[in-house]
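> Fold the following and give me the result.
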Amino acid sequence: MYDVARPATGNALEETGQLPALFTGDRPSGVQPHQADHRPDRRPSARTGPDYPAIQASPEFTALRRRFRWFVFPMSFAFFAWYMTYVLLAAYAHDFMSRKVWGQVNVAILLGLGQFVSTALVTWLYLRYARRRLDPRVAELRIRAGLPEDKRR
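Here you go, the predicted structure:
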């Protein structure tokens, strides 16, 4: 029987954990390069484009990440608490959740629908927050990084 936890490997390097990093030219020990790789005129190409490590280390990027986290972490915690409250009520408060509100609609149905409404609300709040607080600063960082106009979006 096929073991999904240990899928069959495609080559011997996968079994040794010695796969080279993609596009770097690094090779695991014991693997011979092709003859074409021995050309003396091959040099590492000069780096072009934005300096991403410098951008990431900049105070502007740090402030942007702080603003992002200021919204996302509390909102995620609040939503998770609301979701777990619903799950725990459904599991342990059967009498409360089965209480009829009108007709055949009970508290559990209303709270379940509230999960969908709250998901849409959190999405809308994040989009609004990002449009006002994050996107202008991202645009500034992209301009300062020298990205061409078509790469800024």
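> Every contact and neighbour count from this point should use C-alpha atoms.
Fine.
> I'd like the next helix or strand past the longest helix along the chain.
For the chain, the helix that runs over the most residues, judged by DSSP state H, is helix 59-92. Reading on from helix 59-92 to the C-terminus, the next helix or strand found by DSSP states H and E is helix 94-97.
> Give me the mean pLDDT for that following helix.
For helix 94-97, the mean pLDDT works out to 97.
> got it, and stretch 145-152?
When pLDDT is averaged along stretch 145-152, the result is 67.
> on that earlier part again, buried ones in the longest helix of the chain?
Within helix 59-92, the residues that qualify as buried are 61, 64, 68, 79, 83, 86, 89-90, counting by 16 or more other C-alpha atoms under 10 Å.
> what packs against it?
Counting by 3 or more C-alpha pairs under 8 Å, 6 or more residues apart in numbering; DSSP states H and E, the packing neighbours recorded for helix 59-92 are helix 94-97, helix 107-129, helix 135-145.
> Tell me what angle the second one forms with helix 135-145.
An angle of 40 degrees separates the directions of helix 107-129 and helix 135-145 when computed by axes from the mean of the first three to the mean of the last three C-alpha atoms, to 10 degrees.
> Alright, calling it a day.
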